[in-house]
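# Quick one, structure for this:
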Amino acid sequence: MLLSFWSTIFCLVLSTILLIALVNSDANSNKNYLRKEHSLMKPYKDDRWNLLGSAMFLNNYVRLTPDQQSRKGAVWNSVPCRTINWELHVHFKVHGAGTDLAGDGFAIWYVRDAMKLGPVFGSIDNFYGLGIFFDTYSNYHEKHKHGFPYISVMVNNGSLHYDHDSDGTGTEVAGCEAHFRNLKVETFIAIRYENNKLTISLDIDGKNTWRTCLKVDNILLPTGLFFGASAATGGLSDNHDLITFKMYDVGTAEHEDEDEINGRMAIVPSLEGFEYEDFTKTEKVVKESWSFLFILFVIFMVVVCLVLAAVGIYYFYESRQNKKRFY
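Numbering: from 1, shown residues only. Here you go, the predicted model:
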């Protein structure tokens, strides 16, 4: 009887100790888990985030574009990311007066060149890094194998062009259909990059659970790039709103040393097995082409000048001869 009593006491004490240890462990593991320098939340008063184009900080969201034609807007984090493994949780809303037709969509970026407006969902083409596109309108004249809205991924070393006419089909790494537009429920996306693997999950059904959109292995991304979001409208339009943008490390960041982080900065964005042009060679070819054209232009101008000089001398000589005959 006494043994049973002490056994019970021992079990209770042990359980209490384990519970306290577990709570402390969770608290410690979650410490600094949210990276505030890369996160944007209400009231949106953070000088580490900058607006571009039509984007506006409002009370309850960041409006990238209003439901008006021909608008571009973006919000960019000014702090380069030095975490190798990370996860984004983005709360967004795409809505507008259009029912079946709307456009163009928005993008979430992890790229080198921030704070630049351009033709790819409000940001630049031939970007360097990762782009995740939320496309709400099909420009492709031939039939896609998927419907719209559509979420797609593109990894670019700066050499690839995003082709709007085909909705980026030729440069797409992976994608999934996602009917996130004009919903009454809240819409979220989780973008996880860990050990060179990209996983995208969605919570757009109002069930408070993540559903896998896509998984891609062997994606190389450098450190030192910038997070951001941009949107664009054309002939069709939508409100593209960003409510929260939260960046987390995934628990392995504490094991990343400075040498590893700095070494990772030299990595060129790529997907193993995907055919890329060598961007440095492309730049060299372009420069050589311009040099060759310039030389041709100079030669052409010299020839033109010589011809004009010869014609001038000829007419001058003829006019002198005519004057001699007249006298």
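
# And for residue 264, the neighbour number?
If you count neighbours by other Cβ atoms under 10 Å, residue 264 ends up with 17. Just so you know, the C-beta spots here come from the backbone N, C-alpha and C atoms, and that holds for glycine as well.

# Also residue 199?
So residue 199, with other Cβ under 10 Å, has 17 neighbours.

# go on, residue 314?
10.

# what does residue 265 give?
Neighbours around residue 265, by other Cβ under 10 Å: 12.

# Residue 308 in helix, strand or coil?
At residue 308, secondary structure determined by DSSP: H, G, I helix; E, B strand; the rest coil is helix.

# Dig out what residue 231 forms beta bridges with.
residue 73, residue 106 (DSSP bridges).

# Can you name the element that comes right after the lowest-mean-pLDDT helix or strand in the chain?
For the chain, counting by mean pLDDT, DSSP states H and E, helix 2-30 ranks last in confidence among helices and strands (a mean of 46). Next helix or strand after helix 2-30 toward the C-terminus (DSSP states H and E): strand 49-53.

# Buried ones in that next one, by neighbour count?
Residues of strand 49-53 classed as buried: 49, 51, 52, 53 (neighbour count, 16 or more other Cβ atoms under 10 Å).

# and it, which strands flank it?
Sheet pairing for strand 49-53, assigned by DSSP bridges, gives strand 72-77 (antiparallel).

# tell me how far the partner strand is from the chain's mean position?
Its chain's C-alpha centre lies 11 Å from the corresponding centre of strand 72-77 when counted by Cα atoms, centre = their mean, to the nearest Å.

# again, but for stretch 299-310
Relative to its parent chain, stretch 299-310 has a centroid offset of 51 Å by Cα atoms, centre = their mean.

# what does stretch 52-64 give?
18 Å.

# Just the buried residues of it, please?
Neighbour-count burial for stretch 52-64 flags 52, 53, 54, 55, 57, 61, 62, 63, 64 (criterion: 16+ other Cβ under 10 Å).

# do stretch 194-206 as well
196, 198, 199, 200, 201, 202, 203, 204.

# I appreciate the help and will end here.
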